[in-house]
Every structure is written in structure tokens, then in C-alpha cells.
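Q: I'd like to go over a predicted model; first the sequence, then the structure.
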Amino acid sequence: MNNFIFENTTKVFFGKGCVKEYLACLTKNFEGTVMLAYGGGSIKKNGIYDEVMETLKAEGRSVVEFPGIMANPTYAKVLEGAKLARENGVGLILGVGGGSVMDCCKAVSIAARYEGDVWADFWARPGIFDFTLLPLGVIVTVAGTGSECNGGAVITNEALKVKTGRDYPQCNPKFALLDPTYTYSVSEFQMASGGFDTLSHIMEIYFSEPDEDNVSDDIAEALMKNVIRNLRVAMRSPRDHTARSNLMWDAVMAENRIIKLGKKTDFECHQMEHQLGAYVDCNHGAGLAVLHPVYYRHIYKNGLAKFKRFATEVWGICADGRTDEEVALAGIEALEDFILEIGLPVTLRDLGINEKSDLKAIADSCACVPGAYKTMTHEEILQIFKECY
Ligand code: NZQ
Ligand code: ZN
């Protein structure tokens, strides 16, 4: 294992009814106005907004709303939120939604308290926090990103055509409320997208050195099997509480830094997907679904033993009478079959990329990360995009 330091400061409250039970006493710890941040309105349709507002009103809290956070939140939206927070004496941001809402809120918690150029100093390059961020608490309504328990804030700078984010421990939410029943109203497509995003996070970590015996890889295999099993159940029965609970917790376990400990991590598929998102605003989990099998066919020879282990341990493929290469490829095929089974797309065309899209410009804008079994070049990324098209 590589050396590591571990810390995760988010306090998690998990389970049915947790918002009703704990929200009031959690918000008491923060003075000033509460900024209630949310997305395009799903929380008004499914009753979550009313439940949260009732609690805040009963506590006599003054509330300012920050609605309309879009999927793939933009830097412009972050600046809008920061201005609102400054003008209204906000003491706590309460983000209610999925990764997009949570990421935007984390960025607002920096921007509302920072005098300089937030993008230049915290997204374009790693920044140093010599100031206190505006505190953030989150209520998760869709499982997938795990943003609720990390410091990552993935933001799209539309002017620069860059979608990126770094995991700053200071941006971890102060508290996260996770009620699996809040995810019941998520569409089948978004549930599959979120579930695949979780699976992608685990794979991005698993397929990286070191490959010697290590606890992170063993946990990763258990988590991957849990995501696959429970996503299958939830596709059949969306209100299966056990399945929705497992998917919600899998998302946290994949991205709360625990299984990254001692590992290099890959995340090249995420780099590629984020830039596709910057250009065509595609759905995150769907973009990953298109890229993963093709990317893995490009790199598996550089991590053959691990791809074989993935096939046998995660997908239960029998290795008898087959070469290592055949087993590894069968594992990638099983992943591809699963993507089709859960109804996610398999071509870039499905994501909104068309003949007018400049694939070369998108490929050239992707970062080539050092932690993968094989470091990509921009030419090879372009090749992958063409194969996905
Ligand atoms: O906006 P509303 O109306 O709320 O609808 C949302 C949105 O359309 C809907 N939704 C959420 N909860 C719902 C619901 N619909 C019905 N019932 C509910 N209970 O779901 C749609 C997608 O929401 P979004 O937050 O965009 O999805 P997700 O959680 O997948 O977040 C994606 C964003 O997170 C970033 C992605 O790049 C993308 O920008 N990521 C953040 C990470 C992090 N901070 O750790 C890691 C990830 O790798 C990822 O990059
Ligand atoms: Zn992701």
C-alpha cells in the first residue's frame, strides 16, 4: 500500500425519517439565515421541499431560497449563489438534491467568503484555504456521486469549456442527511445513471496500482457486487427499501476516500466524461457508461491480472480453459452487457454528440492522468471517442 493520511469530517445521518428527526437540531448549530439550495424543482413535486421548510419554519429560521441549480452546475450559477449568500447574511447553506446541487453549494461556500478570483485560485490550480468557508449541510435526494461525503465540487466553466473539480477536505459538508425514501421518486434512467457513476468510481480506483494484497481492493470488489445486485433489484422494484438503502450507502463508500487509501487511482474516464459534459452538457453517469468498456479495451493489457480478477471476482466468470486475455475481455463484455441491461447508452451519439461536434477539440481538452495502468495521449483519447461514436 502507498502511504496515506485519512480524514473525513462529514457527520452522516442515515435512514428513513432522518431529516424529520435531526434537521432541526443540526441547523441550531449555525446562526444567521439558512440558504435553501435546490435544483430544477423535483423536491417540490415529491414533498421533500415541504418537509424541509416545515422544519425550518418551526424553528423560526429566516430562509432565503437559491433554486434552479442545473445538472452540471455552471460557474455563473456559483457566482449567483455567492452573491445571494453575501447579500442575505447567510450562516448555513442547506443543499437539497444530488451531486449537482451539492457541488454548486460547496463552490458557493468558497466563493461567498473569498475575495479573489475563485476559479483561478481553486479550480484552475490547487488553492490554500486561509479563510473560513461558509458552512454547508446537505440532504441527498439521488444516490450516485458520493459528493455528500467528500470535498469535490465539479463545476463547468462555460466560457472556458472546462468541467473540473478538486477534492478539498475543507469543502466536506458539515452534515449529510441520507433518507433512502427520498430517492424513490428518481427516474429509472437517473437511478441507473447514479448507480453506474458509483460503479465507475469504484472501478476507477480498483484499476490502479498497487495491485499487491490490499484492503481497498477487497472492499472495492464487495462494493461493486453490491451495486450491481442492488441496481438490478431497484430496476425491477424502485421502492425496494433495502436496494435503495444499499445504493445510497454504496455511493458514499465509493467516494468518501476510504477505498482510495493506499491506491494511485485512475479517473481517466471521469476526465474524458467531464470534458464531454463541458462541450455537450451530457448526463454524467450516461457519459461514463459509454466510455468505460471502450477505454478498458485500450488499457486491459497493461493491467491484465487485475482485469482477470475483475472478471472472476465481480462477474463470476469461470477462467477454466481460457487464457488470461480471454477472461479479462469476458469481464469487460459483462460490464458492457450490464450497461445495456440497465438501459444506459453505449454510443456518443446517444449523448448528443453529432457530426458537427469537434471530437479533436474535446479530446485535446482532456487531462491525461498519471495513475492509470496506461497513461493516455490526446491521440488515443480521440481514438476512444471515435470508437464510442
Ligand atoms: O434538478 P431537479 O429537479 O432536482 O432534478 C434532478 C436532476 O434532473 C433529478 N433528481 C434529483 N433528486 C430527485 C430527482 N428527481 C426526482 N426525484 C428525486 N428525489 O435528478 C437529476 C440529476 O441530478 P444531478 O444532481 O445532476 O445528478 P447527480 O447526482 O448524478 O450529479 C451529477 C453531477 O455531479 C458531478 C457530475 O460531474 C455532475 O456535475 N460529480 C460530482 C462528484 C463529487 N462531488 O464527488 C463526483 C462525480 O464523479 C461527479 O463528477
Ligand atoms: Zn462520477
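A: Yes, it's here. Ligands and ions are numbered 1, 2, ... in the order given.

Q: Next one: the longest strand along the chain, is it in contact with ligand 1?
A: Assignment by DSSP state E gives strand 90-97 as the longest strand of the chain. Yes - for strand 90-97 and ligand 1, the contact criterion (Cβ under 6 Å from any ligand atom) is met by residue 97. C-betas here are computed from N, CA, C, even on glycine.

Q: starting at the chain centroid, how far to that strand?
A: Here the centre of strand 90-97 is set off from its chain's centre by 19 Å, with Cα atoms, centre = their mean, to the nearest Å.

Q: Next: stretch 224-243.
A: For stretch 224-243, the distance to the chain centre is 18 Å (Cα atoms, centre = their mean).

Q: Could you check the angle the following helix or strand past the longest strand of the chain makes with strand 90-97?
A: Moving toward the C-terminus from strand 90-97, the first helix or strand encountered (DSSP states H and E) is helix 99-111. Between helix 99-111 and strand 90-97, the angle comes out at 160 degrees (axes from the mean of the first three to the mean of the last three Cα atoms, to 10 degrees).

Q: The residue of the stretch 201-350 of the chain at minimum distance from ligand 1: neighbour count?
A: Using Cβ to the nearest ligand atom, the closest approach of the stretch 201-350 of the chain to ligand 1 is made by residue 284 at 3.9 Å. Using other Cβ atoms under 10 Å, residue 284 is surrounded by 26 other residues.

Q: from here on, count from 13
A: Okay, using 13 as the starting number, the last item reads as residue 296.

Q: Run through the residues that contact it.
A: When contacts are counted by Cβ atoms under 8 Å, 6 or more residues apart in numbering, residue 296 touches 83, 84, 111, 156, 157, 205, 209, 285, 289.

Q: In PyMOL, how would I select just the buried ones from the residues you listed?
A: Buried residues within these, by 16 or more other Cβ atoms under 10 Å, are selected in PyMOL with:
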select buried, resi 83+84+111+156+157+205+209+285+289
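
Q: Kindly identify which of the contacts of residue 296 also come near ligand 1.
A: Counting by Cβ under 6 Å from any ligand atom, the members of those near ligand 1 are 83, 84, 111, 156, 157, 209.

Q: Closest one of these to ligand 1?
A: residue 111 (2.6 Å).

Q: for the residue nearest to the closest one when sequence neighbours are not counted, what are its contacts?
A: Take residue 111 and drop its neighbours on the chain: the residue closest to it by Cβ to Cβ, 6 or more residues apart in numbering is residue 157, 3.2 Å away. Residue 157 is in contact with 110, 111, 114, 115, 206, 209, 263, 267, 296, counting by Cβ under 8 Å, 6+ apart.

Q: Between these, which sits nearest residue 200?
A: Distance to residue 200, by Cβ to Cβ, is smallest for residue 206 among those, at 11.0 Å.

Q: tell me which element that closest one is part of?
A: helix 200-218.

Q: Now do that helix against helix 111-123, angle only.
A: 60 degrees.

Q: now helix 200-218: how far from the chain's centre is it?
A: That offset, for helix 200-218, works out to 8 Å (Cα atoms, centre = their mean).

Q: Buried residues of it, list them for me.
A: 202-218.

Q: Report the rounded mean pLDDT for that helix.
A: Mean pLDDT, computed over helix 200-218, is 98.

Q: for the helix or strand following it, the distance to its chain's centre please.
A: Sequence-wise, the next helix or strand downstream of helix 200-218 (DSSP H and E) is helix 227-248. Mean-position distance between helix 227-248 and its chain equals 16 Å (Cα atoms, centre = their mean).

Q: Which strands or helices does the helix holding residue 206 pack on?
A: helix 227-248, helix 253-267, helix 280-292, helix 296-311 (3 or more Cβ pairs under 8 Å, 6 or more residues apart in numbering; DSSP states H and E).

Q: Thanks again, I'm all set now.
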